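Novice: fold the following for me, if possible:
(one chain, ligands or ions: 1)
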Amino acid sequence: MSEDAEITVRDACEEDLDAVSVLAARLVRMHYDWDNERFLKAGPSVETGYRRFLAGELGSRASMVLVATMGDRVVGYAFGRQEPRNWEMLMDESGVLHDVFVDDSARAKGVGVALVRSFVERMRERGAARIVLHTAAQNAAGQALFKKLGFRVTMLEMTL
Ligand SMILES: CC(C)(COP(=O)(O)OP(=O)(O)OC[C@H]1O[C@@H](n2cnc3c(N)ncnc32)[C@H](O)[C@@H]1OP(=O)(O)O)[C@@H](O)C(=O)NCCC(=O)NCCS
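Specialist: The predicted structure follows:
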């Protein structure tokens with residue numbers, strides 16, 4: 001990957017899913033390593049399982065799967081959904097960002113910002129009045145990224 005390869009964010013397609021599922025599996029394993037009593041354990045086939053899951057999401061109008069590319073390489077992805085009113089969460093219709101992950105080799109170049117900005121813009125275009133996400137308590141880099149883009153802390157999850 002050349003140093004100055006341009007970052008492009010676009011909707012993911014079926015052909016991207018092999019690369020995306022490798023990144024998604026890293027996200028799952030990273031969370032389990034942080035707290036193995038809260039986060040699920042990724043088995044050896046988590047890539048396959050995540051690929052199948054995201055393939056289903058590509059066909060859903062409520063979902064949004066984005067990839068960031070540099071040159072012809074997928075270097076990151078974001079996944080989220082337009083969620084309906086949720087009484088348990090006391091939350092009206094929202095755009096919910098579930099995943100964002102950037103390959104180690106492409107970090108600190110603005111890919112994370114590009115993905116989250118694009119997700120927010122596209123959700124706003126779809127009419128989302130708010131964008132909500134959850135991030136692990138240990139995830140200092142993720143929290144810094146989201147705060148930089150204007151997100152504020154609104155809920156704390158607790159686990160026993
Ligand atoms: C969090 C993550 C998406 C950031 O991606 P990135 O492409 O490296 O981020 P960017 O280059 O766009 O950085 C933007 C901002 O994020 C913050 N940031 C990124 N990496 C950071 C780090 N290691 N430590 C502290 N802040 C960090 C900074 O505020 C940075 O702005 P700055 O350069 O002005 O300081 C990436 O580290 C990642 O994939 N982490 C693992 C997955 C994850 O944590 N996802 C989020 C929760 S689901």
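Novice: run through the helices of this structure in chain order.
Specialist: Here the chain has its helices, by DSSP state H, at 17-34, 46-58, 111-125, 140-148.
Novice: between those, which one is nearest to Glu6?
Specialist: helix 111-125 (10.2 Å; C-beta to C-beta). Yep, even glycine has a C-beta here, placed from its N, CA and C like the rest.
Novice: neighbouring contacts of the closest one?
Specialist: 7, 9, 64, 66, 68, 70, 75-78, 80, 82, 95, 97, 100, 102, 131, 145-146, 148-149 (C-beta atoms under 8 Å, 6 or more residues apart in numbering).
Novice: ok, now stretch 153-160?
Specialist: Contacts for stretch 153-160 (C-beta under 8 Å, 6+ apart): Asp35, Glu37, Arg38, Val132, His134.
Novice: can that stretch be found next to the ligand?
Specialist: No. Stretch 153-160 does not reach the ligand (C-beta under 6 Å from any ligand atom); its nearest approach is 13.5 Å.
Novice: what of stretch 34-54?
Specialist: No. In terms of C-beta under 6 Å from any ligand atom, no part of stretch 34-54 sits within range of the ligand; the closest distance is 9.8 Å.
Novice: can you pull the residues of the protein lying near the ligand?
Specialist: Going by C-beta under 6 Å from any ligand atom, the residues of the chain near the ligand are 27, 99-102, 107-113, 135, 139-142, 144-145, 148.
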